[in-house]
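**Q** sequence and predicted structure, then a few things I'm wondering about:
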Number of protein chains: 2
Amino acid sequence: MRIGELSERTGTPRRLLRYYEEQGLIAADRAANGYREYDERFVDRVLQIRGLLDAGLPTRIIKQILPCLDKPRTIYFPDATPQMLATLRHEQDRMSERIRCLTRNRDAIGEYLDAVLDYQHAGNKETPDHHSRPPEPAAD
Amino acid sequence: MRIGELSERTGTPRRLLRYYEEQGLIAADRAANGYREYDERFVDRVLQIRGLLDAGLPTRIIKQILPCLDKPRTIYFPDATPQMLATLRHEQDRMSERIRCLTRNRDAIGEYLDAVLDYQHAGNKETPDHHSRPPEPAAD
DNA sequence: CTTGACCTTCACATCAATGTGAAGGTTTCA
DNA sequence: TGAAACCTTCACATTGATGTGAAGGTCAAG
């Protein structure tokens, strides 16, 4: 497929697909006319990249961890230098730290939402100033 | 404490502490001479902000979720507008998505590292070109 | 052959987070 | 009093991830 289709299927602007390529995250084949040519595997790959970017990893790091994630291993163990392994372990730790932080805060939001729900179920009205809407019209 | 101590205790440049204040994430008291004055609670607060920033949340969002996270509730339930609750739920979902992505990729890194370990334990030498170092000197 | 929908590269703009430094006030200590 | 180590605001620079548009090549359909 060409860049337009990959763009649609991943919800990613063409501009960014070219940017990811420039950063070494994906490498597209070229058709005779110079157009980029992608196969199916790029859909997941791009979604993975976007997820990691959204989770706070910079392209420089994503570039390093992506090759280890291929199902049929494209990177062979003998190629793993000690400092590359150290980098991977370090990033693993950072990711765990992010997960902890996100989990803790997400759960705290959940607790707050639950408390609000309790409060409202206890028969309290919402603030009248903040144009409010009944949570459930209760299907008359 | 003043900004220098908070900076040291949180590992955060003074510049950024002022930036977070400018963005409405923290509000410092002022001493008579204009110096910012922080109490103990700011240490955790700043670390929390940094964690969320590192996990990919922008200050604009952090500002919205922070007030819900205080232990003695500083935000009262009646103040919660429906659209604010919707925002919270939406961010909760985004955080869960980030957690899923990070977890999946972190575990995949783990699998790769385990595979490398297996490979090396199986008696294979690392690439001789990449100046390598024995994983464990094995305490002679 | 022309039009429209693709594609290419190049380049400049923006936004948020952060770095850095200038110019100047305050506090502390010798 | 003067130097050192704080603090203030203001402002410009940088970096990474993006937006946007220009100038032009390709290709399928009318």
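**A** Done, it's in. Numbering: from 1, shown residues only, chains lettered A, B, ... in the order given.

**Q** pretty sure A:R89 sits in a strand.
**A** No. Assessed with DSSP: H, G, I helix; E, B strand; the rest coil, A:R89 is helix; it does not lie in a strand.

**Q** against A:I61, how distant is the closest residue to it other than its chain neighbours?
**A** Distances taken as Cβ to Cβ, 6 or more residues apart in numbering or on different chains put B:L113 closest to A:R89, at 6.8 Å, once the chain neighbours are dropped. For glycine as for every other residue, the C-beta is placed from the backbone atoms N, C-alpha and C. For B:L113, the distance to A:I61 equals 16 Å [Cβ to Cβ, to the nearest Å].

**Q** how about the strands of chain A, start to end?
**A** Taking DSSP state E as the test, the strands found in chain A are A:29-30, A:36-37.

**Q** ok, and what's touching the last one?
**A** Outside of strand A:36-37, the residues that reach it under the criterion Cβ atoms under 8 Å, 6 or more residues apart in numbering or on different chains are A:M1, A:R2, A:I3, A:L17, A:E21, A:A28, A:D29, A:R30, A:A31.

**Q** for DNA strand C, what's its nearest residue on chain A.
**A** A:G4 (2.7 Å; Cβ to the nearest atom of the strand).

**Q** report how many residues lie close to A:L52.
**A** Residues near A:L52, counting by other Cβ atoms under 10 Å in any protein chain shown, number 24.

**Q** then A:A32?
**A** Neighbour count for A:A32, taken as other Cβ under 10 Å: 6.

**Q** need the phi and psi values for it.
**A** The phi/psi pair for A:A32 (degrees, to the nearest 10) reads phi -60, psi -30.

**Q** if I look at it, how far off is B:E111?
**A** 39 Å.

**Q** still on that earlier bit, contacting residues around the residue of chain A closest to DNA strand C?
**A** Taking Cβ under 8 Å, 6+ apart as the test, what A:G4 contacts is A:R14.

**Q** how much space between A:F77 and chain B?
**A** 4 Å (Cβ to the nearest Cβ, to the nearest Å).
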